[in-house]
Every structure is written in C-alpha cells, then in structure tokens.
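Q: Build me a model from this:
(chains A and B, ligands or ions: 1)
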Amino acid sequence: MTETTPELLKRFIEGDASAFADLVERFQKRVYYLAFQMLGNHLDADEVVQESFVRIYKRRKDLAGVTNFPSFLTRVATNYSIDLLRKRKGHSQMLDDSDSLPGEVQVELSRKVRTPDVQFRNKVLMEEIRRALATLPPRQKITALLHDVEGYTKSEIADILGCPEATVRSNLHIARKKLKKILEKRLADKE
Amino acid sequence: MTCPYTRSLLEDYVDKELSSAEADAVAMHLTTCDACRADYEATVKLKGLLSRRAVPDPHPEYWKEVSSLILARTVESAPFEATDRPFDRVRSSERASFVKSLISVAASLGIFIAAISFGSFGDKAVSTTSTLMEPQVLSTSALVASAHADANTETPLANRERVSEAMLLLGPPGLLGRFPEMATALGIE
Ligand SMILES: [Zn+2]
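A: A predicted model of the protein is given here:
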C-alpha cells in the first residue's frame, strides 16, 4: 500500500533517509514543471528542483509543524524561483527566449493531437503563452501560475507567498488583465 | 446589475467563488451584455490556455538522475545524526557510496559526450568536471543537456580541443572522472 505524504514526512523527520528519497520521487515533477514555467528553461528548473529538496533536507528539524508538505515545498521552490528570476533579469533575459524548446521535445499538449500541422500550431501557441508570461513581474507571474495552472486556492497562495489574500487577488487580477491584453488576438479566435 | 459591478465580480465568477445569488446575477447580466460577455469569454479562455501547462518534458532519464544528485548532496552536506536508527545509517551510507560512483560515471560520460560531439556541449561537460571537485554544486546539466541538445551557448574551441586532448592522453573517460586533479593539471575547468 502506498504511504501517505504525512506518513512519509513523519518518517523523514524521525531520521529515515529512505523516506526523504520517496518524497523527492513523489514531488520532483511538480517542482520541476512549476519552476520551468517560472524560469522558462531546463537548467534553471533543474537548479530549483535540486536546491528546494536540499534546503528541505537541511531544515528537516523545522518540519515537525508542517501540516501541508506539498504547500510547504511549493513555498520553498517558489521563493527560490523568484530569487533566481530576479537574478536572471538583466542577464540575457533568460535562456527563456525563442529556441530553448528543443525540436524533438514533445510539448505536453501535443500528445493529445495527431497531425503535424496541429502539433506545430500548438507549439506556436505554447511559445506565445510563455512569452506573455515572461513579461510579468515575478510575483504576478507566480500568482497566475499557482492559481490557474497548479490549481491552488487564493488562501493557499497567500500562505505560500506569505502575503495577504487581498494581495493575491489583486496580483492575479493584474496578471490576467495583462495576459488578456497581450494574447488578445489569440483569445478572440473562435477555435 | 451594472457593467462595472459585473466586471468586479467576473473573475470570482470564473473561479466559481461567488455565492449562488451573486453568480445568478452575473449570469443574467452576461446574457444581455455583449461587452461583459466578451470579457468573460476571454477570461475563461485564458484560464484554459494557462492550464495546459506549456512545459516540455525533460529527458526520461532526468528524474532518476536528479534524485540521485539530490540524495548525494544531502548525504554529503548533512548526514542524518547519530540518533538515527542503525538500520537507516547503513542504508544511507550504502546509498551515498552508490550515488558517488553514479556521479563519477555520469560526469565521465558527460565529458565523453562532449569530447566526441561537434556541438556546443563542451562547456557544460567541463563544468561538470569542476562540480566534481566541488560537491556542493552538482549539476545534471551535462548529461541531460547533452541528451537534449538544447545547449545554445558558444563554446570556445580551445576548451573542446583540450577535452579531446585529455581523451587522447588519458584514454577512457572514466579516468578523468576518477582523477579530477588530472583535469585541473590539464587546465580543463
Ligand atoms: Zn455589461
């Protein structure tokens, strides 16, 4: 039977290294995908995955009061991503732009469709979304991603980002407004 | 319900966070107002686009590799303390030595790939060489980036040549991985 996350966390805090390995395996993808969307490239996403889990490992003694591990992990990963994003800003505006999507890499969406033409159109669309997201300041961007992509509630996001829910609400509103403006033509498509 | 008031509730309506009375009122307004309905539809569509998650999957081996690196880094930086049960200590130290050898092999492979390819992977593989000597900053980049061919940085030709030279001098790539000081001596860092 699969262990629940709180059970794994408990064993990890008690000093069982294998429980930590299981937590890494269980949550690494979630961290990677979120970080990739924040930072726009594999190398930075990789760094976030590694750093987040290493930090959690080092702070394992403080984890006893953590009731929601996924949310705690997301907070650690989010903070690191925001730091990295700020650090990258000004430096070549990330590897993010244009050709960091290798040709042979399948975009998640494209699995659902068959013809190369549709695949190509989807790739273009993904690229448009990525570029639109890249224009947002870190806090607005992470808020939109956590809410609309990862499905966190506003109060969970407030907890993750350590800010009032009203701030989450307004950041989300501003982010959506900007994205709607940038993607205006795309959103008006009747497809 | 007025347009401004509808707009103020629109996102909560899309996120399904309104009371049923408010939601009914918004829905009613949307049937009669084209402008608000257009905004509503754009918001719904935006949410739909974002939820598709525009992220390419990494190389299939990546997940195992990054787990191994994380475990290696944690074991080296802060092993579980003496209060751990002996059973776990054995297991984690076994894991550590396994992971160390894995890293050595991975790094060697990275250098090997760099040395035989004409692409721009040289600098990444070389950076793996330096991470070998500095265990805090391990990186899966050499392996994964090489496999992905997503490197888009220019590599000084000299570095690639030096890696190739090292290959000639040292033979199989494993040697370089095992004796990082040789890499230093050769100026590959
Ligand atoms: Zn209206």
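Q: do stretch A:120-136 and chain B meet?
A: Yes - for stretch A:120-136 and chain B, the contact criterion (CB under 8 Å from any CB of the partner chain) is met by A:125-127, A:129-130. The way it works is simple: take the backbone N, C-alpha and C, and place the C-beta from them, glycine included.
Q: Could you list the buried residues of that stretch?
A: Residues A:122-123, A:125-134, A:136 are the ones in stretch A:120-136 that count as buried (16 or more other CB atoms under 10 Å in any protein chain shown).
Q: any chance of those residues in JSON lines, plus secondary structure and distance to residue B:22?
A: Shown next, in JSON lines, are the buried residues of stretch A:120-136 (DSSP: H, G, I helix; E, B strand; the rest coil; distance: CB to CB, whole Å):
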{"residue": "A:122", "secondary structure": "helix", "distance to residue B:22": "36"}
{"residue": "A:123", "secondary structure": "helix", "distance to residue B:22": "40"}
{"residue": "A:125", "secondary structure": "helix", "distance to residue B:22": "33"}
{"residue": "A:126", "secondary structure": "helix", "distance to residue B:22": "35"}
{"residue": "A:127", "secondary structure": "helix", "distance to residue B:22": "37"}
{"residue": "A:128", "secondary structure": "helix", "distance to residue B:22": "33"}
{"residue": "A:129", "secondary structure": "helix", "distance to residue B:22": "30"}
{"residue": "A:130", "secondary structure": "helix", "distance to residue B:22": "34"}
{"residue": "A:131", "secondary structure": "helix", "distance to residue B:22": "35"}
{"residue": "A:132", "secondary structure": "helix", "distance to residue B:22": "30"}
{"residue": "A:133", "secondary structure": "helix", "distance to residue B:22": "30"}
{"residue": "A:134", "secondary structure": "helix", "distance to residue B:22": "35"}
{"residue": "A:136", "secondary structure": "coil", "distance to residue B:22": "29"}
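Q: Sort out which one of these lies nearest residue A:73 for me.
A: Using CB to CB, residue A:133 is the member of the buried residues of stretch A:120-136 that sits closest to residue A:73, with 21.6 Å.
Q: mind listing what that closest one touches?
A: A:37, A:141, A:144-145, A:179 (CB atoms under 8 Å, 6 or more residues apart in numbering or on different chains).
Q: Please identify the residues of chain B in proximity to the ion?
A: Contact residues (CB under 5 Å from the ion) of chain B with the ion: B:3, B:33, B:36.
Q: Dump the buried residues of stretch A:120-136 into CSV; add pLDDT and distance to the ion as well.
A: Converted to CSV, the buried residues of stretch A:120-136 look like this (pLDDT from 0 to 100; distance: CB to the ion, whole Å):
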residue, pLDDT, distance to the ion
A:122, 78, 33
A:123, 80, 36
A:125, 84, 29
A:126, 83, 32
A:127, 85, 33
A:128, 88, 28
A:129, 88, 28
A:130, 86, 32
A:131, 89, 31
A:132, 92, 26
A:133, 91, 28
A:134, 89, 32
A:136, 93, 27
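Q: With distance to residue A:54 added, can I get the residues you listed in a markdown table?
A: Putting the buried residues of stretch A:120-136 into a markdown table (distance: CB to CB, whole Å) gives the following:
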| residue | distance to residue A:54 |
| --- | --- |
| A:122 | 35 |
| A:123 | 34 |
| A:125 | 35 |
| A:126 | 30 |
| A:127 | 32 |
| A:128 | 35 |
| A:129 | 31 |
| A:130 | 27 |
| A:131 | 31 |
| A:132 | 32 |
| A:133 | 27 |
| A:134 | 27 |
| A:136 | 28 |
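Q: Closest one of those to chain B?
A: Using CB to the nearest CB, residue A:126 comes nearest to chain B of the buried residues of stretch A:120-136, at 3.8 Å.
Q: List the residues that contact residue A:84.
A: Residues counted as contacts of residue A:84 (CB under 8 Å, 6+ apart) are A:39, A:44, A:47-48.
Q: mind running it again at 6 Å?
A: Counting by CB atoms under 6 Å, 6 or more residues apart in numbering or on different chains, residue A:84 makes contact with residue A:44.
Q: which one of the residues of chain B next to the ion is nearest residue A:11?
A: residue B:36 (52.7 Å).
Q: in what helix or strand does the closest residue to the closest one other than its chain neighbours lie?
A: Take residue B:36 and drop its neighbours on the chain: the residue closest to it by CB to CB, 6 or more residues apart in numbering or on different chains is residue B:6, 5.0 Å away. Element membership for residue B:6 (DSSP states H and E) is helix B:3-14.
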